[in-house]
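A.B. asks: Kindly generate the corresponding structure for this input.
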Amino acid sequence: MPKIIHFEIPVDKPERAIEFYTKVFGWKIQKWEGEFDYWLVTAGEEDEPGIDGAIYPREEEDNIGTVIGVDSFDDFARKIEAEGGKMITEKMKIPGIGITGSFEDTEGNVLSIIEPEPMD
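C.D. replies: Numbers count the residues shown, from 1 in each chain. All right, here's what the predicted structure looks like:
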């Protein structure tokens, strides 16, 4: 069963947000080495329940993002649309991460799905 595996927090000033979340919650935050500005958040110890996430520069009216892990991007994109949802971004491959895209549910909420790359 697919579950939420990642969160994303859009911010106006990444450095300010990093300082805030580090000081308030003790999160470990480091810059991703990928092709766009993205900071990976470790939000707790590995043996604690919960998920990790990321901080990224806000674009327009971004909201906190929720990412659901799936075993097949294409299959779930079809299921989303068959059940009244709508894919709102093109399928995007992020090297070393997986295939992702955003959708709108039947209530107007925007979420994302990701088919993670296999771990070798």
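A.B. asks: which residues of the chain fall in helices?
C.D. replies: Taking DSSP state H as the criterion, the chain carries its helices at 14-25, 73-82.
A.B. asks: bridging residues for the residue lying closest to residue 7 once chain neighbours are set aside?
C.D. replies: In space, and not counting its chain neighbours, residue 7 is closest to residue 53: 3.5 Å by CB to CB, 6 or more residues apart in numbering. C-beta coordinates here come from the backbone N, C-alpha and C atoms, glycine included. Note on residue 53: beta-bridge partners residue 7, residue 41, judged by DSSP bridges.
A.B. asks: quick revisit: could you export the helices of the chain as JSON lines, including mean neighbour count and distance to residue 64?
C.D. replies: Shown next, in JSON lines, are those (neighbours: other CB atoms under 10 Å; distance: least, CB to CB, whole Å):
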{"stretch": "helix 14-25", "mean neighbour count": "14", "distance to residue 64": "12"}
{"stretch": "helix 73-82", "mean neighbour count": "15", "distance to residue 64": "20"}
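A.B. asks: Could you tell me the least trusted of the ones you listed?
C.D. replies: Mean pLDDT values for the helices of the chain show the minimum at helix 14-25, a mean of 89.
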